[in-house]
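A predicted structure for the sequence below; I have some questions about it.
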Amino acid sequence: MFQIRIHGRGGQGVVTAAEILSVAAFAEGRHAQAFPSFGSERTGAPVVSYCRLDDREIRTREPVMVPDAILIQDVTLIHQVDVFSGLSATGFVLINTSRPAADLGLEDFLAHFAGALATCPATELALEHLGRPLPNAALLGGFAALTGEVSLSAIDAAIRERFSGAVGEKNSAAAHAAFDVVRGGVSARPD
Amino acid sequence: MLAQIEGSKAIAEAVARCRPEVVCAYPISPQTHIIEAIGVKVKSGELAPCEFINVESEFAAMSVSIGASAAGARAYTATASQGLLFMLEAVYSAAGLGLPIVMTLANRAIGAPINIWNDHSDAMAARDTGWILLFAESNQDAVDLHVQAFKLAETLSVPVMVCMDGFILTHAVEGVDLPDQENVDAFLPPYVPRQVLDPDQPVSIGAMVGPEAFEEVKYLAHLRQLDALALIPRIATEFSESFNRDAGGLVRGYRMEDAETVVIAMGSVLGTLKDAIDLRREAREKIGALGITTFRPFPEAAVADALRSATRLVVLEKAVNPGGRGVLASDVALSVPRSPLSSVIAGLGGRPITRASLEAMLARAASGDLPAVTFLDLDEAAVAAERARLADVT
Amino acid sequence: MTRRPIRFYQVGSFAVGNRLLEDEERTVQSDAKRTNSIDSGHRACQGCGEALGARYALDAAMRATNGQLAVVNATGCLEVFSTPYPETSWRIAWLHSLFGNAPAVATGVAAAMRVKGRDVRVIGQAGDGGTVDIGFGALSGMFERNDDVLFICYDNEGYMNTGVQRSAATPPAARTATTEVVGPHPGNVFGQGKDLPRIAMAHDVSYVATATVADLHDLEAKVDKAMSLHGARYLHILVPCPLGWGSASSDTIHLARLAAESGLFPVFEAEHGVVTSVTPIRRRVRVEEYLRRQKRYAHLFATEPATDVIARLQAMADANVARYHLVNDETANSDLEA
């Protein structure tokens, strides 16, 4: 089973991202489960969603405690919330930021982390392609590049299923751009 | 049709295929996505002839359903938590009048303190209403139970509540095989009321009944619940023949074949529990689970039969009878009076029930180390501090 | 039914007997083919205004709908005295669920009839408790949605079914079992009251009317009018209760008339929030004349009459007269001056 935890803020489409990811995996014949960290948080509050991917039926209902991958939609959360909690030492981290990973003040975390960490300016890409600072779809393109758990084409189809017409088109373009960015720049790759 | 879909939307699809004629609801988390999705279907004309009515309270939602059902329409509504409590008087009325309304209960805690997250306290408030209460383990289960619920309700002229864990199921996106319209139509015939409000054949429905006949009326309702215990497995069999998958029934065992320790539970926690049991089985512990699908009427005989060889029972539930043990634990204890039983209260107000906690609990149970009543993952320090503070005050 | 002002003075009242009218102007009750919606044999008290009001209203509604009518009844006297199982007085399709939910149940019945393609009209009915108190939320919701229901309130100004307790429709100073004649302010408190007809008008529903069992031609005409319209409609009928009011059984009609003639109970019609007609007072009476005949006001007429309280009640009547222009005739006031 591959488990993902997505951190972001209310209004950034954190729940939608998990749902789109699950739809993409489902389309590739896998079992997938997506769910929010149910709360009554308002716009701007830190929120979390979860996604599980597996080749067999997923029965568990517990929150994702030991994620294989963490997606951080809002970089301002990394020093406010324990975003890396339970992360496998060989897991994946994808952070939405235009700054290099070395500038994020993550030295303590990186000292014990043997997985793959990538940054991706998903908000900028969303602004460029979509005209709105909604990084969730773009970041999923980056997730496909970083982990290889789902294909970019499945992410693309799931985005278009969720957002019809021009909105789907533009989100898809942002996801493709993020895919390219991440494929070119994964840092701290384990050896 | 297999779809990756949110639980609430899956329920809306299932209910839509059951061709409801009047849908009335009042919004309450975590039920909202269900009625929103059905509302769209009604407004678009997809379900015509069907009326969707937004009302001012849950009390009105159930009351409109009562009127619609009494006048011969297939009526559906959904609620949760405080909403169920607010409509409870009408919930009893629907059962007393023998109206086959189907309602989804998106299980949520009851305040105070106010809490929007999942547990089963709300369903416990409805356990003696005369409704049939079914509990779903997964979204597939919830979908299938709704299709069966209409048939069950209308065959017996008794209302049916399908309980599904709020958020955990209602807001989870997972693969669900949605029943095809043709199959549902073949399985569920149009609603033919036993008695209907009709000016051409006027009857008085809801008369006052005094001491000379009230007990008989209630006894007849009791017999109808016993009929339900016989009918529910038959409908489940018929469903599995029509849809090629199992759902419904009274109880469902998991790895019970040689189980000495059996955990009895309801709802979505069974999924995590099964994973935990598999792990304990790998450690050669003889552990199994018994899922209660039909909570009301309580299937005493089926539970006793399923537990006949078990030596240790653990009832894991998301509700508590303060000062006593769990509500389900009491029911199970009555079914198997001679078996030692531990009542484990867990997941109150949305507290996650983790596989790790369940494994630890199972290990204690297998070694006979589980007390009569346990609150799982309790913050003992916080409780002790508050007890100490109160002791200082008094 | 056409409405023609008829000025006959009959046995101390302005009532007009059927035999003085042409056939087509007679009440539904004078017709041998009336429905008998609520048949004889029910358990209401002697002189029950509610039984009379319900009989006239529902028979008129049955005639207006060619018998295609379903009625939803709230818990209360009317429900209890009409359906002592295994008997029922109802010769119409009748449903009772709860005290506070009749408007919502009626909404459900109306929805089902539409879905089923049945042209069946729906009436919801309750006493004043089921209307202005416990059923108020459901009623307001029904109005707001403009559901196709006529809701009738049989107002006897208290919880008579449970032994005469105060409701929000109990008038100031009236004695009830929960507004006893003790303390410095005996009887019910003076408040702003809960004027349901005006609250209904504020919902902008198509039709609101008040009526009393003293003018049964008027009551039937208003039911007729209500059934000619669709959407949410409201009819508020004053039905004196001999038990709760402490009045003679034979005085029910007379008290209903005095309530109107004193101005304490204005009789009017409104469409879409605007008053369209009022029943003018032809012989205006002081409130004392109405109050004195009821034991619930006996404390106002003890050795020391409570003139201040009576004056406040008179002021309420005067305010109604002014608000609804109930007096349009010089002569009508002459009795009051005398």
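Perfect, I can see it now. No experiment lies behind these values; they were computed from the predicted model shown. Numbering: from 1, shown residues only, chains lettered A, B, ... in the order given.

use CA for all of it now, contacts and neighbours both
OK.

burial of B:Ser330, as a residue count?
16 (other C-alpha atoms under 10 Å in any protein chain shown).

Correction: the previous question concerned C:Asn328.
Neighbour count of C:Asn328, defined by other C-alpha under 10 Å: 12.

Pull out the buried positions in the helix or strand where C:Ala60 lies.
Applying DSSP states H and E as the criterion places C:Ala60 in helix C:49-64. Under the neighbour-count criterion of 16 or more other C-alpha atoms under 10 Å in any protein chain shown, helix C:49-64 has C:49-64 buried.

now swap in stretch A:153-165 and tell me
By neighbour count on 16+ other C-alpha under 10 Å, the buried set for stretch A:153-165 is A:154-160.

what about chain A, any weak spots by pLDDT?
Applying pLDDT under 70 to chain A flags the ranges A:38, A:40, A:186-191.

For the residue nearest the centre of it, what are phi and psi?
The centroid of chain A falls nearest to A:Leu71 when counting by C-alpha atoms, centre = their mean (3.5 Å). Main-chain torsions, A:Leu71, degrees, to the nearest 10: phi -110, psi 130.

Which secondary structure elements does the helix or strand hosting C:Met201 sit against?
C:Met201 belongs to helix C:196-202 when elements are defined using DSSP H and E. Packing partners of helix C:196-202 (3 or more C-alpha pairs under 8 Å, 6 or more residues apart in numbering or on different chains; DSSP states H and E): strand C:207-212, strand C:233-238.

Only C-alpha atoms, please: export that helix in PDB.
Only the C-alpha atoms of helix C:196-202 are listed here, as PDB (Å, rounded to 0.1, in the frame of the first residue of the first chain):
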ATOM      1  CA  LEU C 196     -51.000  34.800  13.700                       C
ATOM      2  CA  PRO C 197     -53.200  36.300  11.000                       C
ATOM      3  CA  ARG C 198     -50.800  39.200  10.700                       C
ATOM      4  CA  ILE C 199     -47.800  37.000  10.900                       C
ATOM      5  CA  ALA C 200     -49.200  34.900   8.100                       C
ATOM      6  CA  MET C 201     -49.800  38.200   6.100                       C
ATOM      7  CA  ALA C 202     -46.100  39.100   6.600                       C
END
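
quick one: buried residues of that helix?
Buried residues in helix C:196-202, defined by neighbour count with 16+ other C-alpha under 10 Å: C:196-198, C:200-201.

which residues does A:Asn136 contact?
Shown in contact with A:Asn136 (C-alpha atoms under 8 Å, 6 or more residues apart in numbering or on different chains): A:12-14, A:16-17, A:73, A:122.

and which of those residues is nearest to B:Ala302?
Using C-alpha to C-alpha, A:Thr16 comes nearest to B:Ala302 of the contacts of A:Asn136, at 42.1 Å.

Helix, strand or coil: sort out that closest one for me.
Following DSSP: H, G, I helix; E, B strand; the rest coil, A:Thr16 is assigned to helix.

Run through the residues of the stretch 51-200 of chain B sitting next to chain C.
When proximity is defined by C-alpha under 8 Å from any C-alpha of the partner chain, the stretch 51-200 of chain B lies next to chain C at B:51, B:55-56, B:59-61, B:63-73, B:89-90, B:93, B:97, B:197-200.

for B:Val162, phi and psi?
Backbone torsions for B:Val162, taken as degrees, to the nearest 10, come to phi -100, psi 120.

And it, how close does it get to B:Ala12?
As judged by C-alpha to C-alpha, to the nearest Å, B:Val162 and B:Ala12 stand 13 Å apart.

Same question for C:Val239.
In this view, C:Val239 and B:Ala12 are 47 Å apart by C-alpha to C-alpha.

Before we go further, A:Tyr50 is sitting in a strand, right?
Yes: assessed with three-state DSSP, A:Tyr50 lies in a strand.
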